[in-house]
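# Output the structure for:
(one chain, ligands or ions: 2)
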Amino acid sequence: MKSARLHEVGRELKIDDIEIPIPKGRQVIVKVRSAGVCHSDVHYRDGKWGNFTPQGLGFKSPNLPMTLGHEIAGEVAEMGEDVTGLDYKAAVAVNPWEGEGLCYYCSIGEEQMCDNPVRLGITQDGGYAEYVLVPDFRYLKTIKNLSFDEAAPLTCAGVTTYRAIKEANIDPGNTLLIIGSGGGLGSLAVKISKAIGAITVIGVDISDKAIKLTRDAGADYAINATENKINKEIMSLTNGNGVNGIIDFNSSDKTLNIYSPLLAKLGTYVMVGQFGSELNINAIVAVRKALRFKGTYTGNHKDFTEIINLAENKHIKPDVKFIGGLEKINDALENLSTLKVTGRQIIRP
Ligand SMILES: [Zn+2]
Ligand SMILES: [Zn+2]
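Residues are numbered from 1 along each chain as shown. Ligands and ions are numbered 1, 2, ... in the order given. Below is the predicted model:
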């Protein structure tokens, strides 16, 4: 089968011809029909997150060569002897955030934080290939009302944004500020937060195009950060109270310390982006306003199931852009690297 693999950090992926794996036990082979192209693949390709290397962040580099791609939807092609309840050719979305099932985090249902994680396209071969081996059939969810292209990006972009919204502890009637609201994750966050509750959503981004996407996604307010006195405007939109939650898809020196003073009392600041910056907050302010600052990383299997259900029931519709076959993967990564693209790019291997 054709497979787009990273052979060397800092270089383009190469299309190789490799054997289709043979599934055993609870394993399933999925024929990949759509693979979403996530920004973290640019980080894996380049071997750095902001100023950090994987070693600096305390996690292992992928064993190379590795087939990247962790946003996968496709059809069941082969099954191991212990798989039950799945039909051949069933349409499925794949949860790539898997655990070995034994550690503390797996035991509390937070497998995405597993001590020995199994992550498709990261720790083992992923979806930029004609077929992918899924280690356990319980990580598959059958889809009926969703196209493969719509389902694929929900498995990372969707799960991540959905969990980030949960982490923001937003109640009905609250105001949520989304930073980077015109990007792939940001616009999805706008849609999800409008779909799940009576929340006022303010989107912030830095180009007219991104502002239009923010509005199209359904934000109540869309503000261009390059043209406005942003802090003053947001304070006036919230009657001087500030916002109850902030989701930051950049988490860079251009956002963290500029927007965190906008939190209302009991407000929560959720960091999702991995651009890398120091958070500078005075402890007295944090204590007296009872502020919460959190990082969040993808989501668990419950989050995965819920976001797919939200889309299956037509509460949200992901914005996707078909790019081409596997041979277009390096172009797609470059588009992300140079911030040239809006909407999730899709490869059909
Ligand atoms: Zn991703
Ligand atoms: Zn584990």
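# contacts, neighbours, all on C-alpha from now
Will do.
# Does T161 lie in a helix or a strand, and which?
Using DSSP states H and E, T161 sits in helix 157-167.
# buried residues in that helix?
Within helix 157-167, the residues that count as buried by 16 or more other Cα atoms under 10 Å are A157, G158, V159, T160, T161, Y162, R163, A164, I165, E167.
# likewise stretch 170-177?
I170, N174, T175, L176, L177.
# cool, and stretch 182-200?
Buried-residue list, stretch 182-200, by 16+ other Cα under 10 Å: 182-194, 199-200.
# wait, which of those residues is closest to ligand 2?
Ranked by distance to ligand 2 (Cα to the ion), the buried residues of stretch 182-200 are led by L185 at 26.4 Å.
# quick one, phi psi at the closest one?
phi -70, psi -40 (degrees, to the nearest 10).
# Contact partners for it?
A157, G158, T161, F249 (Cα atoms under 8 Å, 6 or more residues apart in numbering).
# State the mean pLDDT of the helix or strand that comes right after the helix holding T161.
Going down the chain from helix 157-167, the next helix or strand is strand 175-179, by DSSP H and E. Across strand 175-179, pLDDT averages out at 97.
# again, but for stretch 282-302
On average, stretch 282-302 scores 95.
# Output it as PDB, nothing but the C-alphas.
Output in PDB follows, covering the C-alpha atoms of stretch 282-302 (Å, rounded to 0.1, in the frame of the first residue of the first chain):
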ATOM      1  CA  ASN A 282       0.500  37.900  39.600                       C
ATOM      2  CA  ALA A 283      -0.500  35.400  42.300                       C
ATOM      3  CA  ILE A 284      -2.500  38.000  44.200                       C
ATOM      4  CA  VAL A 285      -4.600  38.700  41.200                       C
ATOM      5  CA  ALA A 286      -5.100  35.000  40.500                       C
ATOM      6  CA  VAL A 287      -6.100  34.300  44.100                       C
ATOM      7  CA  ARG A 288      -8.400  37.300  44.700                       C
ATOM      8  CA  LYS A 289     -10.200  36.900  41.400                       C
ATOM      9  CA  ALA A 290     -10.200  33.100  41.800                       C
ATOM     10  CA  LEU A 291      -8.900  32.600  38.300                       C
ATOM     11  CA  ARG A 292      -8.100  29.200  36.800                       C
ATOM     12  CA  PHE A 293      -5.400  28.600  34.100                       C
ATOM     13  CA  LYS A 294      -5.300  25.200  32.400                       C
ATOM     14  CA  GLY A 295      -3.700  23.400  29.600                       C
ATOM     15  CA  THR A 296      -5.700  20.800  27.700                       C
ATOM     16  CA  TYR A 297      -4.500  18.100  25.300                       C
ATOM     17  CA  THR A 298      -6.900  16.400  22.900                       C
ATOM     18  CA  GLY A 299      -9.700  14.500  24.800                       C
ATOM     19  CA  ASN A 300     -10.800  11.200  26.100                       C
ATOM     20  CA  HIS A 301     -13.000   8.500  24.500                       C
ATOM     21  CA  LYS A 302     -16.200  10.100  25.900                       C
END
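# Identify each buried residue in it, please.
Buried, per 16+ other Cα under 10 Å, within stretch 282-302: A286, L291, R292, F293, Y297, T298, G299, N300, H301.
# ok, now stretch 80-89?
Quick answer for stretch 80-89 (16+ other Cα under 10 Å): G80, V83, L86.
# So which of the residues you listed belong to helices?
Judged by DSSP state H, helices contain none of the buried residues of stretch 80-89.
# Relative to ligand 1, which of the residues you listed is nearest.
Looking across those and measuring by Cα to the ion, the closest to ligand 1 is L86, at 25.9 Å.
# give the contact list for the closest one.
Contacts of L86 (Cα under 8 Å, 6+ apart): V76.
# picking that back up, report all helices and strands that the helix holding T161 contacts.
helix 184-196, helix 301-312 (3 or more Cα pairs under 8 Å, 6 or more residues apart in numbering; DSSP states H and E).
# So which elements touch the last one?
Contacts of helix 301-312 with other secondary structure elements, assessed using 3+ Cα pairs under 8 Å, 6+ apart, are made with helix 157-167.
# Please tabulate the buried residues of helix 157-167 in JSON lines and include pLDDT as additional columns.
What follows is the buried residues of helix 157-167, written out as JSON lines (pLDDT from 0 to 100):
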{"residue": "A157", "pLDDT": "94"}
{"residue": "G158", "pLDDT": "96"}
{"residue": "V159", "pLDDT": "97"}
{"residue": "T160", "pLDDT": "96"}
{"residue": "T161", "pLDDT": "96"}
{"residue": "Y162", "pLDDT": "97"}
{"residue": "R163", "pLDDT": "98"}
{"residue": "A164", "pLDDT": "97"}
{"residue": "I165", "pLDDT": "97"}
{"residue": "E167", "pLDDT": "97"}
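# now, which of those sits nearest K141?
Ranked by distance to K141 (Cα to Cα), the buried residues of helix 157-167 are led by V159 at 13.4 Å.
# distance of that closest one from F322?
20 Å (Cα to Cα, to the nearest Å).
# what residues does the protein put near ligand 2?
G99, E100, G101, L102, C103, C106, C114 (Cα under 5 Å from the ion).
# Return the members of those classed as buried.
For these, buried by 16+ other Cα under 10 Å: G99, G101, C103, C106, C114.
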